[in-house]
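Participant: Have a look at this prediction, sequence included:
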Amino acid sequence: VNGLRTLGVDLADVAGVAHGTTTATNALIERDGAKTAFLTTAGFRDTLEVRRTNRQELYDGQWFPPLPLVPRRNRIEIHERLMWDGQVARALDEDEIRDVAETLRVRDIEAVAVCFLHAYQHPKHEVRVKEILKEELPGVYITASHEVSQEFREFERGSTVAANAFVGPKVQSYITNLQLAVGQAGLTADVAIMQSNGGVCTPAEASTTPVRLARSGPAGGAMALQRLSELTGIGELVGVDIGGTSADVSLVVDGHPRWASPLLVEWGMPLLFPSVDVVSIGAGGGSIAWIDDAGVMHMGPQSAGAAPGPAAYGRGGERATSTDAHVVLGRVSPTRFMEGHLPLDAGKARDAIQREVAEPLELETAEAAEGMLRVLDNAMIQAVRFVTVEKGYDPRDFVLVGLGGGGPLHAVALARELGMNRAIVPLNPGVLSAWGMLTVDMVQDRSRTLLKRRKAIDTTELSNVLAALRADILEAFSRQEVSADRIEWDYVLDLQYYGQVFSMAVPLGGPLGQGRGADDIRVSEEGVLSVPLGVEAEGLVTESALEAAVELFHHEHEREYGHSDREQEVQVVHGRVFGRVAVQKPALITEQDQGADPSDALVGTREVVFDGSVHEAAVFDRLALQAGNRISGPAVIDEMTSTTALPPGSYATVDEYGNLLIDTGV
């Protein structure tokens, strides 16, 4: 709200606001959510604690798994049981549920997650328990697993609904306060909330399943990459979005961001939602340098944050951070940082690095500062390799994009280490995630477990499942006052070789896979299917479309894992449906004036250290550059939200949209 007011514009004239938030993410990671209870089938009380048997740090004897969101005393067994086929093995005792509700009331429980065995297919016990709890516990946030996921795997489904309950009250309160505050500030336009799946929704819809906002902020950066791909015509991009605390790495392949399901917030906390595939590590401008007992330097994941911040901020921070290293090396100007709105203290930055790093390691101050950045770069290089090499992609086939306040400072160094000969720094990189949120569509997604072998799958059955998921999405869009004729559809199957544990998502070709709704399904004015699904959906999925999906699975398995087996039987694990509604996208980037000579943007020179040598680097004002300008390193390019570092041997050319297209010199 302060940001909107600072703009100095009449908010009544604003056409819309897109908002990304870390409220859900922070609540999960910091364990700062509601006091939650978890009701589950008798015998499954410890599912959230046991999790999967693999561990994050295989060889670390001092590693301890993160605590579950719900402590054991608040995980309560309910004596009920529905079998996989819906048969009642043990009937629900409603008096038991009311007794449990009284216990939860005494314990001041703020949210309740209900997760029963096989509820993803047969939810009637969950439905009734939720009805009773809402009667007995007014004002308590109640959520059931079948509402948030219709996929199998007891632990993952339990983790998802527990997280939804844990963040539910906080996110709902946040969204309510947001709407109230922007209204009081004079905004009359709609607010769109960024979701993890790369689309936006209304605030009311975000409140129904708040855990879907777990990647709300980083998803904006990944979607901005997609728009950047359209502008530049470059289909393969790796985005490194470096903020104050973390670096978020994402991938665009053939012009589209990769997505993943489940979303893994941290070890032992999967969420059964498709999300834009973003890998986050603790590497940012506030990452603190520290020396371990063996005398080895590390960077982060601890961060100085914004307050007190790096030592150079002069706000009480005394630890050496990566921002301090950039200041000491001359890459960030103490007087031009944020166009002078936040002056930096180079002396305090130098003192912190000398005390915390240089003296313990017996190094010169500049040498220690460069070492700090190399350690930080190495962590980010590993993250880039994780989303490229480990997924079957060669990073040399991609262009690296420096995003966030810190990305442009590291872009060339990272690209060189990865053997990438090109990099891009977009205009206003520090706010590119926010720009990305204004370029995305409204998106709803649904999924359901099938677990059928290819030879046993019935195309009519598959059509019915996808049509039912589509109907659920139509209902969600109807709540958001979106007419059915505006929706475009994408259909996806999760496939695996029979006997495998994990699956791969591939788009379904044929009638359902062209990004449009099938004509065979008629929709009423109310946005619901007008005839029974079994009749209406019959024949939508053809054998040829299914075979095309299976063939694509073999191809993708070969690319990602290095082998495939067309003789091995394929199993359909999940069916997924995505509904997309295009929204009006503002023309945020305009073509730049043309000019070959960048001298009008030259504001002076300053000493900058690259690779152990001091260089007299040219300093340019980013906003004064014109399309066609070419700048050779060593140079730095300053702007409000970031600084771009061009080491010797690299050069940048400004394109017609103001992007810096960098030849890294590799």
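Facilitator: All right, it came through fine.

Participant: now the lengthiest helix in the chain: mean pLDDT?
Facilitator: Longest helix in the chain by number of residues, with DSSP state H as the criterion: helix 154-184. Averaged over helix 154-184, pLDDT sits at 94.

Participant: got a list of what the nearest residue to residue 364 once chain neighbours are set aside touches?
Facilitator: Distances taken as Cβ to Cβ, 6 or more residues apart in numbering place residue 358 nearest to residue 364, at 6.5 Å, with adjacent residues excluded. Where you see a C-beta, it was placed from the backbone N, CA and C, and this is true even at glycine. Neighbour list for residue 358: 364, 365, 367, 368 [criterion: Cβ atoms under 8 Å, 6 or more residues apart in numbering].

Participant: Just the buried subset of the residues you listed, please.
Facilitator: 365, 367, 368 (16 or more other Cβ atoms under 10 Å).

Participant: isn't there a strand covering the last one?
Facilitator: So the one you mean is residue 368. No. If the criterion is DSSP: H, G, I helix; E, B strand; the rest coil, then residue 368 is helix and not within a strand.

Participant: Please name the residues that touch it.
Facilitator: Counted by Cβ under 8 Å, 6+ apart, residue 368 has contacts 353, 354, 357, 358, 361.

Participant: again, only using 7 Å
Facilitator: 353, 357, 358, 361 (Cβ atoms under 7 Å, 6 or more residues apart in numbering).

Participant: Buried ones in the strand or helix carrying residue 492, by neighbour count?
Facilitator: Using DSSP states H and E, residue 492 sits in strand 487-497. For strand 487-497, a neighbour-count test (16+ other Cβ under 10 Å) marks 487, 489, 490, 491, 492, 493, 494, 495, 496, 497 as buried.

Participant: which strands and helices sit next to it?
Facilitator: The contact analysis (3 or more Cβ pairs under 7 Å, 6 or more residues apart in numbering; DSSP states H and E) places strand 487-497 against helix 459-479, strand 504-507, helix 543-561, strand 570-581.

Participant: In PDB, could you pull the C-alpha coordinates for it?
Facilitator: Taking Å, rounded to 0.1, in the frame of the first residue of the first chain, the C-alpha atoms of strand 487-497 are listed here in PDB:
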ATOM      1  CA  ILE A 487     -11.700 -20.500 -21.100                       C
ATOM      2  CA  GLU A 488      -9.000 -22.300 -23.100                       C
ATOM      3  CA  TRP A 489      -8.100 -25.900 -22.000                       C
ATOM      4  CA  ASP A 490      -4.900 -27.900 -21.700                       C
ATOM      5  CA  TYR A 491      -4.900 -31.600 -20.700                       C
ATOM      6  CA  VAL A 492      -2.000 -33.500 -19.300                       C
ATOM      7  CA  LEU A 493      -1.300 -37.100 -18.300                       C
ATOM      8  CA  ASP A 494       1.200 -38.300 -15.700                       C
ATOM      9  CA  LEU A 495       2.800 -41.500 -17.100                       C
ATOM     10  CA  GLN A 496       5.400 -44.000 -15.800                       C
ATOM     11  CA  TYR A 497       6.700 -47.300 -16.700                       C
END
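
Participant: Show the average pLDDT along it.
Facilitator: 91.

Participant: Mind listing the strands it pairs with, and their directions?
Facilitator: Strand 487-497 sits in its sheet next to strand 504-507 (antiparallel), strand 570-581 (antiparallel), going by DSSP bridges.

Participant: residues contacting residue 398?
Facilitator: Going by Cβ under 7 Å, 6+ apart, the list of residues near residue 398 reads 236, 237, 238, 388, 420.

Participant: gap between the nearest residue to the second one once chain neighbours are set aside and residue 223?
Facilitator: It refers to residue 237. Distances taken as Cβ to Cβ, 6+ apart place residue 252 nearest to residue 237, at 4.2 Å, with adjacent residues excluded. When distance is defined by Cβ to Cβ, to the nearest Å, residue 252 is 10 Å away from residue 223.

Participant: Looking at the contacts of residue 358, which is nearest residue 396?
Facilitator: When the contacts of residue 358 are ranked by distance to residue 396 (Cβ to Cβ), residue 367 comes first, at 30.0 Å.

Participant: Mind pulling up the pLDDT for the closest one?
Facilitator: For residue 367, pLDDT reads 97.

Participant: And for residue 590?
Facilitator: 58.
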